[in-house]
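Q: need coordinates for the below:
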Amino acid sequence: MTAQALAMLKNMGGGQNIKDPTADMFGEEQAKKTAATMGVTFVSGEPFKTGEFEGYRARYSFTDISQVKVNMEQNASQMSGSKEPPFSFNFNRAGSSSVLTIQMPDQVPTKGQLPMLPSGAATSDAEKAQAAQMMAMMKSMMRGLFVDITLNVDGKILKSNAAHVDGSRITLLQIDFDKLLADESALQKLQAATDLKSFANIPGLKVSPEPKIRIEFSR
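A: Sure thing, here's the model as predicted:
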């Protein structure tokens, strides 16, 4: 996160008796909790700071991808209508090739379930001013935020129904918040989305519309 965004979050604490909301965001304890929800092993981690950003970099390992669950923690229950994580994997090793199947989210947040984003439906001057203020705050807090869930296959992809394939890399989900927040029509489309196919052609958003992605590859 940017130093400015961190300062804004810390100020939300509201006083000395309120816990700093950023205290649990960056650190080994949180990284290990995340590992437990994903079914992976925490290997190492360290805080980092650049000219503009600061955060925590964590590394994980796993021996069986079918046990990995890309669970977005609290957001998982909002993104899907079940307790299952948004992404799960099944792996079958064959003689000359292997097949990896990825279960994508079966549902997405529907209209009105993204209160943190301005809907663009303001009509009165007061509502428009409030929406503009909220948008300015969102842009400030999320500047530079880039979510990228990408699979890098150790081998040659023979065939796949994935929408975004680049060599041995397959993008499952990518969100560029700078682009997303710069286009009001993109926010309106995102608010109205009801399934993966609804995400098509939204600036700053890249996702495969297929509910199950199949990747056959060889080494």
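Q: can you list contacts of stretch 167-181?
A: The contact list for stretch 167-181 (CB atoms under 8 Å, 6 or more residues apart in numbering) reads 87, 102, 104, 135, 138-139, 142-157, 160, 162, 164, 186-187, 190, 202-208, 213, 215, 217. For every residue, glycine as well, the C-beta is placed using N, CA and C.
Q: redo that, cut-off 6 Å
A: For stretch 167-181, contacts defined as CB atoms under 6 Å, 6 or more residues apart in numbering pick out 138-139, 142, 145-153, 162, 164, 186, 203-207.
Q: buried members of the residues you listed into PyMOL, please.
A: Those of the contacts of stretch 167-181 that count as buried under 16 or more other CB atoms under 10 Å are selected in PyMOL with:
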select buried, resi 138+142+145+151+153+162+164+186+204+205+206+207
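Q: mind checking what helix or strand follows the helix or strand of the chain with the lowest mean pLDDT in sequence?
A: Within the chain, no helix or strand scores below helix 74-79, which has a mean of 40 by mean pLDDT, DSSP states H and E. Counting by DSSP states H and E, the next helix or strand C-terminal to helix 74-79 is strand 87-93.
Q: what average pLDDT does that following strand get?
A: Per-residue pLDDT values across strand 87-93 average out to 89.
Q: which of the contacts of stretch 167-181 fall in strands?
A: F146, V147, D148, I149, T150, L151, N152, L205, K206, V207 (DSSP state E).
Q: domains for this structure, by residue range?
A: The record, using automatic domain parsing to delimit domains, assigns the chain the ranges 1-63, 73-83+105-208.
Q: what would the ones you listed look like in a markdown table with distance to S97?
A: As requested, the domains of the chain are exported to a markdown table (distance: least, CB to CB, whole Å):
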| stretch | distance to S97 |
| --- | --- |
| domain 1-63 | 21 |
| domain 73-83+105-208 | 6 |
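Q: mind telling me which of those the model trusts least?
A: domain 73-83+105-208 (a mean of 73).
Q: got a list of what the residue nearest to the spatial centre of the chain touches?
A: Residue closest to the mean C-alpha point of the chain, counted by CA atoms, centre = their mean, is V147 at 4.9 Å. Residues near V147 by CB under 6 Å, 6+ apart: I175.
Q: at 8 Å instead, please
A: Counting by CB under 8 Å, 6+ apart, V147 has contacts L173, Q174, I175, F177.
Q: for it, name its beta-bridge partners.
A: I175 (DSSP bridges).
Q: do the same with S61
A: When assigned by DSSP bridges, S61 has beta-bridge partners T41.
Q: secondary structure class for the residue lying farthest from the centre of the chain?
A: Distance from the centre of the chain peaks at G95, with 34.5 Å (CA atoms, centre = their mean). What DSSP: H, G, I helix; E, B strand; the rest coil gives for G95 is coil.
Q: going forward can the numbers begin at 49, since that is how I track them
A: Fine by me, first position is 49 from now on; the one you just mentioned is G143.
Q: can you pull out the helices in the chain?
A: Under the criterion DSSP state H, helices of the chain are mapped to 51-59, 76-86, 122-127, 173-190, 225-230, 232-240.
Q: E94 is nearest to which of these?
A: helix 76-86 (8.8 Å; CB to CB).
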